[in-house]
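Engineer: could you work out the structure for the sequence below:
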Amino acid sequence: LGGIAISAGLVAGRLVAGWDRPAVPALLVLSAAPAFLAGLWEDLGYGASPFRRLIASFLAAVVAVVLLDIWVGRADMPGLDQVLRVAPIGLVLTMVVSAGFCHATNLVDGMNGLAAVVITSAATGLAILAHVAGQADIAMMAAILAAAMVGFFMLNWPFGTMFMGDAGSYGVGHILIWLAFLLADRESEIAVPALVLVLFWPFADTLHSIVRRLVDKAPIFVPDRMHLHQKMRRCIEIAFLGGAHRKRSNPLATVALAPFVMMPVVVGVVLAAEPLAAWVALALFGTLFGLTHVGITRLAIRRRRKYRCDQPVTVRETGKAASAGE
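Structural biologist: Modelled structure (predicted):
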């Protein structure tokens, strides 16, 4: 139930901070309610399926569109910008991206500390961009979200004393993506691909999973254990720990992935005013993400073979084997 603690931190920050536009953060938190409550229903054990949580995320996006009166109207890409200016298309795409990002945030909540690192880094990047652009309310809300996630991180890493849960991941994911939407709507000088870089990890993890399952002809919505953070944990166990040491490999996977999580955020902030360069950087990071999947898998296979070859072959003479003289 870490989502309750994170939400309490957001509400407390909303109440004590000074705001230029006090209504916006209140409406933003209110719009997250459908996604948060559906996740909480699952956390409490009442069985809100992934499909129902996805529908709740769509509903939260609809509420946000109505309350905040914005939607995605540009992508800083010739051709696509003209399409997005058609209101129905822009509205549908906004809801799809919003709901998809909520679900993507839930998927990265798999290793102790990983979701906290991803969300804290992204929220910090958005806070910096908003502060530079003079959008004080967005900067403040993003900073409060980052602060709440730091508090959560201290209880989630390394021992997993508290977990974010579906309420936290869906609720926080909604707030994070709509902070980016607000910034894109108000500041045309901030490149959309730069904002995608700031939010890179959940997007990359989900899109890679969808493509991989399509290639393997596997069901898209059935969970598996082939996400990058899961591969990293198993690789650490095989290549460096010599066995299934989950209590150590779990937090170490987050440490190993943290630089990769933060790099796109830094590049997104630096290239905020350079749409073409940001698109190129986005393509490069996407390629690197896929290559990392392959590299980790090959390293684990190579180390496992070496480990097996280095071990002496023995037969334990116990039970029936001993009595049979084996």
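Engineer: chain neighbours aside, what residue packs nearest to Leu199?
Structural biologist: Ala122 (5.3 Å; Cβ to Cβ, 6 or more residues apart in numbering). (C-beta placed from N, C-alpha, C; glycine too.)
Engineer: now for the helix or strand hosting the one you found, which elements pack on it?
Structural biologist: Under the criterion of DSSP states H and E, Ala122 resides in helix 114-133. Applying 3 or more Cβ pairs under 8 Å, 6 or more residues apart in numbering; DSSP states H and E, one finds that helix 114-133 contacts helix 87-107, helix 136-156, helix 165-186, helix 192-198, helix 200-215, helix 246-270.
Engineer: mind putting those into a markdown table with distance to Ile55?
Structural biologist: Output for the helices and strands packed on helix 114-133, formatted as a markdown table (distance: least, Cβ to Cβ, whole Å):
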| stretch | distance to Ile55 |
| --- | --- |
| helix 87-107 | 8 |
| helix 136-156 | 24 |
| helix 165-186 | 11 |
| helix 192-198 | 24 |
| helix 200-215 | 17 |
| helix 246-270 | 29 |
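Engineer: tell me which of these sits nearest to Ala33.
Structural biologist: Ala33 lies closest to helix 165-186 among the helices and strands packed on helix 114-133, at 8.2 Å (Cβ to Cβ).
Engineer: show me what that closest one is packed against.
Structural biologist: Applying 3+ Cβ pairs under 8 Å, 6+ apart, one finds that helix 165-186 contacts helix 2-16, helix 23-31, helix 33-43, helix 50-68, helix 87-107, helix 114-133, helix 136-156, helix 192-198.
Engineer: one more time with 6 Å
Structural biologist: helix 2-16, helix 33-43, helix 87-107, helix 114-133, helix 136-156, helix 192-198 (3 or more Cβ pairs under 6 Å, 6 or more residues apart in numbering; DSSP states H and E).
Engineer: just name the most buried of those.
Structural biologist: Ranked by mean neighbour count, the helices and strands packed on helix 165-186 are led by helix 192-198 with a mean of 26 (mean count of other Cβ atoms under 10 Å).
Engineer: which stretches of the stretch 101-250 of the chain have low pLDDT?
Structural biologist: Low-confidence segments of the stretch 101-250 of the chain, defined by pLDDT under 70: 243.
Engineer: go again with 80.
Structural biologist: Confidence mapping of the stretch 101-250 of the chain against pLDDT under 80 gives the ranges 110, 220-224, 241-246.
Engineer: what about Val224, which SS state?
Structural biologist: Let me fix one detail, which is that residue 224 is Asp and not Val. Remark: Asp224 carries the secondary structure label coil [criterion: DSSP: H, G, I helix; E, B strand; the rest coil].
Engineer: no further queries at this time; thank you.
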